[in-house]
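Peer 1: take this sequence and fold it.
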Amino acid sequence: MSAAAKGRKAVFITGAASGIGLASAKRFAAEGWFVGLSDIDVTGLKAALVAIGPENGATFRLDVRDRSAWSSVLADFAKLTDGRLDVLLNNAGVAKFGPFDSHGDADIDLQLDINIKGVVTGARSALPWLKATPGSRLINISSCAGLYGSPGLAVYSATKFAVRGLSEALDVEWKPHGVGVACVMPWFVDTPILNAGAPGSNANMSDVLKSGGLPVYPVEDAAEVIWRAVHGKELHYFVGKRAKQMRFASNHMPGALRKQLRSRPILQQT
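Peer 2: Sure, this is the predicted structure:
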């Protein structure tokens, strides 16, 4: 076991070089946890390790689409923690914004492969380590787009519904293993995903949100909810007041919600 990791709880985070992943890594490190930082952004990972303190974690280049890489990277992390994995935070995700028919095969496949297959593979690969760690928890990052299909984010919404469904199923399946599951569903958070633009347009998601007067929450809000999800017993956790409103509306006023979504601007091809 690494001397730095000795006696500490361990969390492995995907998409840790920026956004919610990095904010969560900082929170866990500040609470005394040993953090596995993974991403395809090697430069960003180096900066992230400096940000949390080199003694508080280790970096791993990981493309979540690569099944074999998942197994080897988690095994390497486990060597540092003496096999301990208290939490897997399945955070890595991508979004392509714009009308459904504006996206090519590559954009669609990228979202399906990272947002669904990456999460599924992460859960499968981590299960042996989670089962071996008493009180462990799987945290999957979904989205409010997993509550109700979001115009301009059709494929992304489909992937986040899938993450929600996977989480709900595993919450039941993994209970006999002693592994808890939580699905975190943020409203729009200030991450690089908001820089996604529609094909043929100079505008991006952030521009559309601002023009519509919609809130964007800081990454620290998401990290706080994730921290609560790790220590809680609930299945669904929501980031931001607007997320809780969306949940209520999707459950009790689906017609009104649909009308509201239809009134929002969507980036169109020019």
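Peer 1: can we go C-alpha only for contacts and neighbour counts from here?
Peer 2: Fine.
Peer 1: tell me the contacts of the residue nearest in space to the middle of the chain?
Peer 2: With distances taken as CA atoms, centre = their mean, residue 91 lies nearest the centre of the chain, 2.5 Å away. Under the criterion of CA atoms under 8 Å, 6 or more residues apart in numbering, the neighbours of residue 91 are 13, 14, 15, 16, 20, 21, 140, 141.
Peer 1: tell me how far the closest residue to residue 93 other than its chain neighbours lies from residue 176.
Peer 2: Nearest-residue entry for residue 93: residue 115, 5.1 Å, with adjacent residues in sequence omitted and distances by CA to CA, 6 or more residues apart in numbering. Residue 115 sits 26 Å away from residue 176, taking CA to CA, to the nearest Å as the criterion.
Peer 1: who's more crowded, these two?
Peer 2: Set side by side, residue 115 and residue 176 give different neighbour counts by other CA atoms under 10 Å, the larger being at residue 115 (27 against 10).
Peer 1: pretty sure the more buried one sits against residue 157.
Peer 2: No. Checked against CA atoms under 8 Å, the pair residue 115 and residue 157 is beyond contact range at 10.1 Å.
Peer 1: where do the helices sit along this protein?
Peer 2: Counting by DSSP state H, the chain has helices at residues 19-30, 42-52, 67-81, 105-111, 118-131, 154-173, 205-211, 219-231, 241-252, 254-262.
Peer 1: isn't residue 98 up against residue 156?
Peer 2: No. Under the criterion of CA under 8 Å, residue 98 makes no contact with residue 156, lying 10.6 Å away.
Peer 1: the two - which one has more neighbours?
Peer 2: It is residue 156, of residue 98 and residue 156, that has more neighbours when counted by other CA under 10 Å, with 27 against 24.
Peer 1: ok, now how distant is the closest residue to that one other than its chain neighbours from residue 54?
Peer 2: The shortest distance from residue 156 to any residue other than its chain neighbours is 5.8 Å, reached at residue 95 (CA to CA, 6+ apart). In this structure, residue 95 and residue 54 are separated by 31 Å, where distance is defined by CA to CA.
Peer 1: so the two - more neighbours on which side?
Peer 2: Neighbour totals were compared for residue 95 and residue 54, and residue 95 leads with 25 against 15 (other CA under 10 Å).
Peer 1: OK, contacts around that one?
Peer 2: Contact criterion CA under 8 Å, 6+ apart gives 111, 153, 156, 193, 196 as the residues in contact with residue 95.
Peer 1: number of nearby residues for residue 61?
Peer 2: Neighbouring residues of residue 61 were enumerated by other CA under 10 Å; the total is 16.
Peer 1: identify the bridge partners of it.
Peer 2: The residues paired with residue 61 through beta bridges, assigned by DSSP bridges, are residue 39.
Peer 1: okay but it is in contact with residue 36, surely?
Peer 2: No. When contacts are counted by CA under 8 Å, residue 61 is not listed as touching residue 36 (10.4 Å).
Peer 1: low pLDDT regions in the stretch 51-200 of the chain?
Peer 2: For the stretch 51-200 of the chain, the stretches flagged by pLDDT under 70 are 194-200.
Peer 1: how close does residue 150 get to residue 144?
Peer 2: Using CA to CA, which is the criterion applied here, residue 150 is 9 Å from residue 144.
Peer 1: so these two - more neighbours on which side?
Peer 2: Neighbours were counted for residue 150 and for residue 144 using other CA under 10 Å; residue 144 has more, 24 against 17.
Peer 1: now do the contacts for the more buried one.
Peer 2: Contacts here follow CA under 8 Å, 6+ apart; on that basis residue 144 touches 185, 186, 187, 243, 246, 247.
Peer 1: let's see that with 7 Å instead.
Peer 2: For residue 144, the contacting residues are 185, 186, 187, 243, by CA atoms under 7 Å, 6 or more residues apart in numbering.
Peer 1: now the residue nearest to the last one when sequence neighbours are not counted. Its backbone dihedrals?
Peer 2: For residue 243, ignoring the flanking residues on the chain, the nearest one in space by CA to CA, 6+ apart is residue 187 at 4.9 Å. Note on residue 187: backbone dihedrals following degrees, to the nearest 10 are phi -70, psi -180.
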